[in-house]
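[1] Give me coordinates for this.
(chains A and B)
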Amino acid sequence: MSSADPTLLTLVWGGIILFAVYAYVVMDGFDLGLGLLFLAYPERADRDVLMNSVAPVWDGNETWLVLGGGGLFAAFPLAYAILMPALYAPIIAMLLGLVFRGVAFEYRWRTNRGRWVWDAAFIGGSFVATFAQGIVLGAIVQGVKVDGREYAGGWFDWLTPFSLLTGVAVVVGYVLLGCTWLIMKTDGAIQERARKLGSVFGLATLASIGAVSLATPFVNSDYWDRWFVFPNALFSFVVPTIIVFIAVLMFRSLKVHHHEYRPFVLTLVLFALCFVGLAISLFPNIVPPSISMQAAAAPPSSQIFMLVGVAITMPLIIGYTAYAYWIFRGKIDPEHGYH
Amino acid sequence: MLELFNLENFSALNLARFQFAFTVAFHFIFPSFSIGLASFLAVLEGLWLLTGRDVFIRLFKYWIKIFAVVFAMGVVSGIVMAYQFGTNWSRFSDIAGPVIGPLMAYEVLTAFFLEAGFLGVMLFGLDRVGRKLHFTATALVAIGTCISATWILSVNSWMHTPAGFTTDPVSGQYLPEDWLAIIFNPSFPYRLLHTVTAAYLTTALVVGGVGAWHLLKRRRDNEAVRMMFSMSMWMLAIVAPIQIVLGDFHGLNTLEHQPQKVMAMEGHYESYPEGAPLIIAGLVNSEERRIDYAIEIPKLSSLILKHDLDAPLDGLDTIPDDEEPPVAIVFYSFRIMVFLGTLMALLGLFSLLQRKRGTLYDSRMLHYSALSMAPMGFVAVIAGWITTEVGRQPYTIYGQLLTADSASPLDAAAVGASLIAFIVIYFTVFGAGVFYIMRLMSRPPAIDESASASRDPIRSAGITPGNAMGDDITESPSDGTARRGNGHDLLPGANT
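    Residues are numbered from 1 along each chain as shown, chains lettered A, B, ... in the order given. Here you go, the predicted structure:
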C-alpha cells in the first residue's frame, strides 16, 4: 500500500470521522456510564431519575455511532472493510449490548414484575457495549494484519493485554462522564453520591489514561518515533501536561458545591485531549500499521458529494440537537420525570 | 428441501447470507410499522389542532406509547445493519463503498439525526413546548422516516439496477460518475413508492386490527375505538388498490431490468413464443424444471407483462444456469405477497360495503376479518422483500458483483456463533417488545388517555384508572369476556 500524503479532502474527512467518533464517545459515553452507575444506585426511584435524565436524548446520542460507522464506510471504505472483520467479535458484542441497553429504555417502564430483568439488561448491555468499544480502540491502535485489500489476521488478534487495558480505560472513563452528567442534571443525595463517585472515577480515569499512554509506544515502534523523536517530542510533553492540569481543575471542581456544569465540561475537555493524543499516534494511518488515510479514502467524487451534505446538514443537526437538550435542560424532578 | 441441511451449506458464505437475511428481515418489520405509524400520529395530531376534537389527541396518546417501543426496536436493530455490511460483507463494502456509502451517510445526516433529534420532543415534550411546536416535532419525525426510506431504498435499488459509475481497473472499486443517475437509478422510483405504500398498508392493518379487537370486545361506545377503525378502513380501501397498481408498475420495471427475476416469480421455466400463461398456484419442481399441479390462466401473463395476449415471453431456458435465481423461494414468496395484497384490497372493499350499509361498527364478520388481517402486512412486506432480494441472486449488485465474491474473509465458526447469538437475542428481546406492544393494544384508549403518565406506575396510580402495566390489568385478552368494569368505555363523554 502506498502511504501517500493525504489530500486536503481526505484530511477533512479524517477530521469529520474523528469529530463524529468524539461526539459519539462523549454523548453516548454518559448514557452508557449511567447504565453502569445503575449499580451504584440500587434504589428504584434513583434509577428512574438516572434513566429519565437521558431518555429524551439517548437516541440522538447513539446516532453519532451510526454516523461514525456509516461515515467510515462512505469516506474510507477500505478501512471499514478491513476493520470490521478484524474486530468482528467485539463489534458484534457491542451491537448486541446496545440492543439490550436500547430496548431497556422503553421496556423498563412497561412492567413491574419484569423491571429487574430490564435493569439487568440496561447494566449488562451498557457494560458489554462500553468494554467492547474500549477493546476496539485498543485493537485499532495496536495494529491490524492486512494482505492486499483484506484483513489477514486471526479471529482473536484483537484480544491482547493492551486491548483489555483500553477496555477498562473506556469503562472508567464513561463512568466518570456519567457521574459529571448526574452532577449537572440532579441534586440532593443523587448529586452528592455522583460527586463522591466522580472523584474516585476521575482518579481511575487519569490512571487509565496514564497507563494507556505509557503502553502505547511499546505496542508499535512507530508510536515511539512519533512521540519521542525530535521535534514531536516537544509536543509530546504538552498534551500530558494539559491533561494533568485539566484533571486537577476537575478534582477541585468536584468539591465545589456551586460548580454543577464545570465537572462535566472539564471531562469533555479531558476526552478531547485524549482524542488529540490518539490522532497524533495514528496519523497519517487509519488502519495501523500499513493502511494510510489516503490509501483507504473514497474517490474525490464521493468525498465532494458527501462534503456538500455535511456542510449543509451538520450546522442544522448541531442546532436542533442543542435545541433538544435545551428543551430538556435543568434538573430532573423525581416527581415529574418524562416517563 | 432436504439438501438445505447438507453440511456444505453451512459454509461461511451461506451463514453470512442467512445472518444478513435474518437481521435485515427482523429490522424491516419495525420501520415498516414505524414509517406508517409516524405519519398516522402526525395526521392525528394535525386533526386535533385543526378540529380541537378530543378523540384525536386520545388516539395520539394511545398510539404514541406503542410507537415509542416500536421505534426503540427499530433503532437498535438498525444500528446492527450499519455494521453488518462491514463485518459480514467486507469485500462488497470495499468495492461498492464509494457509491453506496455516501448514500447511507446522507441517510444518517438527513434522516436519522432528524428523527432522533425530535423524537425526544415528540415523546416527552407535549407539556414542555407549545402545541404547534410539538406538532412540528411529530411531523419532522414522520418526514424523517420517509427521508430515511428514500435513501435506503435508493441504495437497495442501485444494487438491483446499478447506474452512473465506472470500475477502477486497479482496485476494482466502483467509482461514482453521475450522482443523479446513481440516486435515481431505474428501479428506484417504483421500489420507493411500492415499499412506502406497503408500510402505510401494514400500519393501517395493525390499527384496523386493534380497532376491530375492541369492537369485538363490545367497546363500540368508545369513540376513539370507532375512529381508529374507521380511519384505518378508509386507508385500506383507498390505498390497497393503489398498491396493486404500483406493484404492477414495479413488476414491469423489473421485467425490463431483471428479466430472470420475473421469470422465477412467474414460474416460467420455458419460453412461451405465443403468449404465456399466468400460473396462479402450483408446486415448483426444480429437478424437472417445471411447475407441478399448476393452476393457470392461458395468456394472462403476457397480457399483464406485455399488454398483449399473444406477446412472446422468454423463460428461464434462455438464462445461463449460473445466473438463475432460486426459483422456488421467489415463486412462493411472490405468491404469498400477491395473495395477501388481494386480501387487503378485498377487506377494504368489504369495509366500504358495510360502511354504506351503516354497519361498519356492527359487522362482526368485518371485525373478525380485520383482526385476522392485522399481522398480514408484515408477512406481505417480508415476502415481497424475499422475492426481490432472492430474485437478484446470484448477485449482490445485479450483473456486476456475485454474492459469492462479496463476503468477508471469515471462518464459518465465527459467522455461525454470531448468527446463533443474533437469533437467540433477537427472539427474546424483540419477542418481549412484541409482548409489551400487544399488552398496550389490548387496552382500549381511555377518556383521560395519557401520553406518558401510564408509563410510570408511581404517578399513574392516581391518574389513569387502568394503566398500561400488565401486572394489574383488569382484563385478559384471551378470556373473551371483557370486564367492562375497568371503566374506560363507560366514562361519561365516551358516548358521543
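
[2] In the stretch 1-150 of chain A, what residue lies closest to chain B?
    A:P77 (2.4 Å; CB to the nearest CB). Yep, even glycine has a C-beta here, placed from its N, CA and C like the rest.

[3] Around chain B, pick out the residues from the stretch 101-250 of chain A.
    A:102-103, A:105-107, A:109-114, A:121, A:149-152, A:155 (CB under 8 Å from any CB of the partner chain).

[4] can you do 7 Å?
    Residues of the stretch 101-250 of chain A found near chain B (CB under 7 Å from any CB of the partner chain) are A:102-103, A:105-107, A:109-113, A:149-151, A:155.

[5] State the pair within the residues you listed that is farthest apart.
    Between any two of these, the greatest separation by CB to CB is 53.4 Å, found for A:N112 and A:R149.

[6] Those two - which one has more neighbours?
    Applying other CB atoms under 10 Å in any protein chain shown to A:N112 and A:R149 shows that A:R149 carries more neighbours, namely 20 against 13.

[7] Do I have it right that the more buried one meets B:D94?
    Yes: counting by CB atoms under 7 Å, B:D94 is a contact partner of A:R149 at 5.6 Å.

[8] what touches both of the two?
    Shared contacts of A:R149 and B:D94, defined by CB atoms under 7 Å, 6 or more residues apart in numbering or on different chains, are found at A:L78.

[9] what residues does stretch B:124-141 touch?
    If you take CB under 7 Å, 6+ apart as the criterion, stretch B:124-141 is touched by A:55-56, A:327, A:338, B:38, B:41-42, B:45-46, B:49, B:114-115, B:118-119, B:121-122, B:451-452.

[10] Which of those are buried, as a ChimeraX select command?
    In ChimeraX syntax, the buried subset of the contacts of stretch B:124-141 is picked out as below (16 or more other CB atoms under 10 Å in any protein chain shown):
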select /A:55,56,327,338 /B:38,41,42,45,114,115,118,119,121,122,451,452
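
[11] Okay, and which of the contacts of stretch B:124-141 map to helices?
    Here DSSP state H is the test, and the contacts of stretch B:124-141 give A:327, B:38, B:41-42, B:45-46, B:49, B:114-115, B:118-119, B:121-122 as lying in helices.

[12] need the residues you listed in JSON lines with pLDDT and distance to B:S333, can you?
    Formatted as JSON lines, the ones in helices among the contacts of stretch B:124-141 follow (pLDDT from 0 to 100; distance: CB to CB, whole Å):
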{"residue": "A:I327", "pLDDT": "84", "distance to B:S333": "45"}
{"residue": "B:A38", "pLDDT": "95", "distance to B:S333": "27"}
{"residue": "B:L41", "pLDDT": "96", "distance to B:S333": "31"}
{"residue": "B:A42", "pLDDT": "96", "distance to B:S333": "32"}
{"residue": "B:E45", "pLDDT": "95", "distance to B:S333": "37"}
{"residue": "B:G46", "pLDDT": "95", "distance to B:S333": "37"}
{"residue": "B:L49", "pLDDT": "93", "distance to B:S333": "42"}
{"residue": "B:L114", "pLDDT": "91", "distance to B:S333": "33"}
{"residue": "B:E115", "pLDDT": "91", "distance to B:S333": "30"}
{"residue": "B:F118", "pLDDT": "91", "distance to B:S333": "36"}
{"residue": "B:L119", "pLDDT": "90", "distance to B:S333": "33"}
{"residue": "B:V121", "pLDDT": "88", "distance to B:S333": "40"}
{"residue": "B:M122", "pLDDT": "90", "distance to B:S333": "35"}
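
[13] any chance of the residues you listed in a markdown table, plus distance to A:I140?
    Shown next, in a markdown table, are the ones in helices among the contacts of stretch B:124-141 (distance: CB to CB, whole Å):
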| residue | distance to A:I140 |
| --- | --- |
| A:I327 | 36 |
| B:A38 | 37 |
| B:L41 | 41 |
| B:A42 | 42 |
| B:E45 | 45 |
| B:G46 | 48 |
| B:L49 | 50 |
| B:L114 | 30 |
| B:E115 | 30 |
| B:F118 | 34 |
| B:L119 | 31 |
| B:V121 | 36 |
| B:M122 | 37 |
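
[14] from these, which single one is nearest B:W385?
    Closest to B:W385 out of the ones in helices among the contacts of stretch B:124-141 is B:A38 (20.2 Å), distances taken as CB to CB.

[15] Find the residue closest to the closest one in space, skipping its chain neighbours.
    Nearest residue to B:A38, sequence neighbours excluded (CB to CB, 6 or more residues apart in numbering or on different chains): B:A142, at 4.0 Å.

[16] Need the three-state assignment for the one you found.
    B:A142 carries the three-state label helix when classified by DSSP: H, G, I helix; E, B strand; the rest coil.

[17] residues contacting it?
    By CB under 7 Å, 6+ apart, B:A142 lies in contact with B:A38, B:S39, B:L41, B:A42.

[18] Excluding chain neighbours, what is closest to the last one?
    Among residues not flanking B:A42 along the chain, B:A142 sits closest, at 4.2 Å (CB to CB, 6+ apart).

[19] any idea how far chain A is from the one you found?
    16 Å (CB to the nearest CB, to the nearest Å).

[20] buried ones in the lowest-mean-pLDDT helix or strand in chain A?
    One helix or strand of chain A scores below all others by mean pLDDT, DSSP states H and E: helix A:221-228, with a mean of 77. Neighbour-count burial for helix A:221-228 flags A:Y223, A:R226, A:W227 (criterion: 16+ other CB under 10 Å).

[21] which of those lies closest to chain B?
    Nearest to chain B among those, with distances taken as CB to the nearest CB, is A:Y223, at 25.3 Å.

[22] List the contacts of the closest one.
    A:T216, A:P217, A:S281.

[23] which of those tops the neighbour count?
    Each of the contacts of A:Y223 was scored for neighbours by other CB under 10 Å, and A:T216 scores highest at 22 neighbours.

[24] Can you tell me the closest non-neighbouring residue to that residue?
    The shortest distance from A:T216 to any non-neighbouring residue, by CB to CB, 6+ apart, is to A:Y223 (5.2 Å).

[25] Next one: that neighbour from A:A233, what distance?
    Distance, A:Y223 to A:A233, by CB to CB, to the nearest Å: 13 Å.

[26] okay, now the residue of the stretch 1-150 of chain A closest to chain B: neighbour count?
    Residues lying near A:P77 (other CB under 10 Å) number 33.

[27] wait, doesn't it sit right on B:V99?
    No: contact criterion CB under 7 Å: A:P77 and B:V99 do not qualify, at 9.4 Å.

[28] Please work out the average pLDDT along stretch A:116-134.
    Stretch A:116-134 shows a mean pLDDT of 95.

[29] Kindly report the same for stretch B:197-215.
    The average pLDDT within stretch B:197-215 is 96.
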